[in-house]
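A.B. asks: Dropping a prediction and its sequence here:
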Amino acid sequence: MKFILAMCTLGVSYGADLTGNWLTATPNGDGTLRKVWLHLKMQDGRITGTIRATQFFYTISNSTGGPEHFTLTAVMPDEGRERRATYEVTLASSDELLVSLVRNNTPATPISAHRVPDGDGALPARVTMPAPRKVADNGLARTPPMGWNSWNKFHTRVSDEIVRGVADAIASNGMRDAGYVYITIDDTWEGERDAQGILHSNNKFPDMKALADYVHGKGLKLGLYSGPGPTTCQGYEGSHGHEEQDARTWAAWGIDYLKYDWCGARMLYSDADEQPLYQRMGEALAASGRKIVFSLCQYGRLDVWKWGPQVGGNLWRTTGDISDRWDSMERIGFNQDSLAPFAAPGHWNDPDMLEIGNGGMTDTEYRTHMSLWSMLAAPLVAGNDVRDMTPAIREILLNREVIAIDQDQLGKQAARASKSGDQEVWVRELMGGDTAVALFNRGKDTASITVKWADVGFKKSPSHGRDLWLHQDIALSGPVYTADVPSHGVSLLRVRK
Ligand code: GLA
């Protein structure tokens, strides 16, 4: 080492060697660090090894360049798919590597990496898988959970202050009384584990118990996010190997809901391990001494709706992430038809959180979003800044007649009754013999949509109907009902046989 340093000082090439374990650690701004480990081996002018970055663990498949500057291609298999990342690395000195992730052919500003001991950042051992057992039903979520989640609007910027403000707003703007009670903090609340392995919140959440007390004081409930992997999607601490300990910590804080996200587990496990890993947390929650809603988030892989209840899940995501665009909401929402048989009180299909009010769709489209999710008996988890809503958005989220469809106690998810081009009719059976009928127009122009009562299971024409967006009773006579529905709009009815 002394020899190399001496050579550098003299301005002589020091025989570049990138071999070693390198770490970049960038402050997240909340007391935690975003870490990337590059475990490199340089031989014959080429680099091999691994790169661990947030939720990913890549193997370097190719390197070009040298001797002091390389472009590394790194790959990670993921259930038939290959994730790829490209990094540029430059040896700045024998002790410093400059690393930049390349996106769209453009390298990001280089970050300094320093040598760390060899085992640093190594993947932990896999946990022991439990024998398959049914986790007892926790008795929660008899109707689809309703509430708010930080992710869609605030992403990594969520903080104690925002959550308190949201709780204040929900408790006073009518949302709580309409049923929106679970306030969930998504990814990036996590801090570090202490010497006993106890997980703490990061600087954005100075006192999670105090926050839970505050939220409870408003007549609301508090939810958190974690995952079965060593890290979460954003590279924060996951619950891997600490399931029981974390469940106890959350119970002590007063947590009422857990969203458990698969992301970071992919660096150690394959899809076949999902059920036992979710069961581990299902059992840990059951043993925690507190009733905690269990929300599974693994994007609908491996037919989760068939085993979600078995591991204690109250809801399970059926899709990848929604975004605030008509085509995303439409693709997800209208694709849920085949899952109707799997929804029941206590166990719900979750086509992801609401984007209503986030600005990427029109109010008409947001009414369709709200109607479709309610027909689907989907969890109604607002994802907007509820502290600051337009009257139109408020009205959409607070339409009690539509919420009543979502929350109907029979718990039967709607099915598509007919489709003709861009026009679809969906039907949902309700408690007490009523039926919800939604006439959706997915087309670009206003369309006249006709429901034939005989086609939607009515032996005779219904006697009474109500339009749930116009809040008006409607005259029904004869074997059909026809409505003019605007582009991307809906006419949502509740009818009585
Ligand atoms: C995944 C989930 C999202 C959100 C983010 C947070 O993408 O599907 O809903 O929780 O992780 O990192």
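C.D. replies: Here it is on my side, so go on.

A.B. asks: From now on I want contacts and neighbour counts done on CA atoms only, so please keep to that.
C.D. replies: Fine.

A.B. asks: Provide a list of residues in contact with the closest residue to the ligand within the stretch 151-300 of the chain.
C.D. replies: Closest approach between the stretch 151-300 of the chain and the ligand, counting by C-alpha to the nearest ligand atom: C233, at 4.4 Å. Counting by C-alpha atoms under 8 Å, 6 or more residues apart in numbering, C233 makes contact with T54, Q55, D187, D261, C263, G264.

A.B. asks: 6 Å instead?
C.D. replies: Contact analysis of C233 by C-alpha atoms under 6 Å, 6 or more residues apart in numbering lists Q55, C263, G264.

A.B. asks: Considering those, which possesses the most neighbours?
C.D. replies: Among the contacts of C233, G264 has the most neighbours (other C-alpha atoms under 10 Å), with 26 neighbours.

A.B. asks: pLDDT score assigned to that residue?
C.D. replies: G264 is assigned a pLDDT of 96 by the prediction.

A.B. asks: I'd like the numbering to begin with 168 instead of 1 from here.
C.D. replies: Yep, numbering from 168; the last one is G431 now.

A.B. asks: quick one, phi psi at it?
C.D. replies: phi -70, psi -10 (degrees, to the nearest 10).

A.B. asks: which ones are touching it?
C.D. replies: Counted by C-alpha under 6 Å, 6+ apart, G431 has contacts Q222, G396, T398, T399, C400.

A.B. asks: Closest one of those residues to E562?
C.D. replies: Comparing the contacts of G431 against E562 with C-alpha to C-alpha places C400 closest, at 33.4 Å.

A.B. asks: Show me where the stretch 518-664 of the chain has its helices.
C.D. replies: For the stretch 518-664 of the chain, applying DSSP state H, counting those that start in this stretch gives helices covering 530-542, 558-564, 567-573.

A.B. asks: If we go by neighbour counts, what in the last one is buried?
C.D. replies: Right, helix 567-573. R567, E568, V569, I570, I572, D573 (16 or more other C-alpha atoms under 10 Å).

A.B. asks: residues touching the second one, list them.
C.D. replies: In other words, E568. L635.

A.B. asks: Could you check how far it is from D634?
C.D. replies: For E568, the distance to D634 equals 9 Å [C-alpha to C-alpha, to the nearest Å].

A.B. asks: do the same with the last one
C.D. replies: D573 sits 15 Å away from D634 when distances are taken as C-alpha to C-alpha.

A.B. asks: same check, this time on the fourth one
C.D. replies: Applying C-alpha to C-alpha, one obtains 14 Å for the distance of I570 from D634.

A.B. asks: now do the third one
C.D. replies: Between V569 and D634 the distance, using C-alpha to C-alpha, works out to 10 Å.

A.B. asks: Ok, the first one next?
C.D. replies: Applying C-alpha to C-alpha, one obtains 12 Å for the distance of R567 from D634.

A.B. asks: Find the residues that touch each one of these two.
C.D. replies: With contacts defined as C-alpha under 6 Å, 6+ apart, no residue is shared by R567 and D634.

A.B. asks: Low-confidence regions, the protein specifically.
C.D. replies: 168-182 (pLDDT under 70).

A.B. asks: Dump stretch 313-329 to PDB, restricted to CA.
C.D. replies: What follows is stretch 313-329, C-alpha atoms only, in PDB (Å, rounded to 0.1, in the frame of the first residue of the first chain):
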ATOM      1  CA  MET A 313     -60.600   2.800   3.300                       C
ATOM      2  CA  GLY A 314     -58.000   5.400   4.100                       C
ATOM      3  CA  TRP A 315     -55.100   7.300   2.700                       C
ATOM      4  CA  ASN A 316     -51.500   6.400   1.700                       C
ATOM      5  CA  SER A 317     -48.600   8.700   1.200                       C
ATOM      6  CA  TRP A 318     -46.900   7.100  -1.800                       C
ATOM      7  CA  ASN A 319     -48.900   8.300  -4.900                       C
ATOM      8  CA  LYS A 320     -48.500  12.000  -4.000                       C
ATOM      9  CA  PHE A 321     -45.500  12.300  -1.600                       C
ATOM     10  CA  HIS A 322     -43.300   9.400  -2.600                       C
ATOM     11  CA  THR A 323     -40.100   9.700  -0.500                       C
ATOM     12  CA  ARG A 324     -41.000  13.100   0.800                       C
ATOM     13  CA  VAL A 325     -43.500  11.900   3.400                       C
ATOM     14  CA  SER A 326     -42.900  13.200   7.000                       C
ATOM     15  CA  ASP A 327     -44.500  13.300  10.400                       C
ATOM     16  CA  GLU A 328     -45.700  16.800   9.700                       C
ATOM     17  CA  ILE A 329     -47.400  15.700   6.400                       C
END
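
A.B. asks: contacts for it?
C.D. replies: 347-353, 355, 371-372, 546-551.

A.B. asks: can you check stretch 479-492 too?
C.D. replies: In contact with stretch 479-492 (C-alpha under 6 Å, 6+ apart) are residues 302, 304, 449, 461-464, 466-467, 513-518, 522, 527-528.

A.B. asks: and the residue lying closest to S658 once chain neighbours are set aside, bridged to which residues?
C.D. replies: Once flanking residues are discounted, S658 sits nearest to L606: 5.1 Å by C-alpha to C-alpha, 6 or more residues apart in numbering. L606 has these beta-bridge partners by DSSP bridges: V592, S658.

A.B. asks: which ones are touching L606?
C.D. replies: Contacts of L606 by C-alpha under 6 Å, 6+ apart are E591, V592, V657, S658.

A.B. asks: Can you spell out the domain ranges of the chain, please?
C.D. replies: Using automatic domain parsing, the domain parsing of the chain gives 187-283, 313-573, 582-663.

A.B. asks: In CSV: the ones you listed, plus distance to A292.
C.D. replies: Shown next, in CSV, are those (distance: least, C-alpha to C-alpha, whole Å):
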stretch, distance to A292
domain 187-283, 14
domain 313-573, 8
domain 582-663, 44
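
A.B. asks: Point out the most buried one among the ones you listed.
C.D. replies: domain 313-573 (a mean of 21; mean count of other C-alpha atoms under 10 Å).

A.B. asks: Pretty sure D440 sits in a strand.
C.D. replies: No: judged by DSSP: H, G, I helix; E, B strand; the rest coil, D440 forms no part of a strand; its state is helix.

A.B. asks: hmm, stretch 195-209 in reach of the ligand?
C.D. replies: No: Stretch 195-209 stays clear of the ligand (C-alpha under 6 Å from any ligand atom), getting no nearer than 13.4 Å.

A.B. asks: now that stretch: how far from the chain's centre is it?
C.D. replies: 24 Å (C-alpha atoms, centre = their mean, to the nearest Å).

A.B. asks: residues from the chain in reach of the ligand?
C.D. replies: Residues of the chain lying near the ligand (C-alpha under 6 Å from any ligand atom): W318, D353, D354, C400, Q401, D488.

A.B. asks: Perfect, I'm done here.
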